[in-house]
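Peer 1: Following is a predicted model, sequence given first.
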Amino acid sequence: MTAWEGILISKTPVIYFVIVSFIGSMIFTRLVFLKVTAKYIYRIDTMEEEMPSIFRMFSPKSYLLIVFMISMGISIKYYNLLPINILSMFLGALGLSLFTSSMHFLRAWRFKALI
C-alpha cells in the first residue's frame, strides 16, 4: 500500500516508478532472492517429516533477518526517513522480487515429483 500511496501522491511520472521498480526487482532477484529461494526450497525438500513445523522451514538466523527487515520497514515509514517517491520505488522493486521468489516456491511445490 505504501508503494501505491507514493505513486498516487508523488509528482513523479508513473512510468519512472515502473521502470525503476522493474530494474530494481531484477537486481534484487538475481543478487539475493534466487540464491536464498533455492537454498530454502532444498532445505524444505530434504526434510524427513511429512508436515514439519513452520518454524523449521527457515533457520533461526533467517527469522532474525525477517524481524530486522520488518522493523526497518516500519521505522522508515513511521519516521519518514526516505522521500515517499524513493520509498515507493524501493518497495515496488522489493515487492516484485518477493513475488518472483514466491512463484519459485509455488513451482517447486507444484512440481515436487519432478525435482
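Peer 2: Structure's in. What do you need? Numbering: from 1, shown residues only.

Peer 1: Flag the helix or strand of the chain with the lowest per-element mean pLDDT.
Peer 2: Using mean pLDDT, DSSP states H and E, helix 2-9 stands out as the lowest-scoring helix or strand of the chain, at a mean of 80.

Peer 1: Run through the protein and note the low-pLDDT ranges.
Peer 2: Within the chain, the segments meeting pLDDT under 70 span 113-115.

Peer 1: returning to that earlier point: which other helices and strands contact the least confident helix or strand of the chain?
Peer 2: Judged by 3 or more Cβ pairs under 8 Å, 6 or more residues apart in numbering; DSSP states H and E, the packing partners of helix 2-9 are helix 14-28, helix 84-110. Where C-beta positions appear, they are placed from N, C-alpha and C, glycine not excepted.

Peer 1: Enumerate the positions of it that are buried.
Peer 2: For helix 2-9, burial by neighbour count (16 or more other Cβ atoms under 10 Å) applies to 2, 3, 6, 7.
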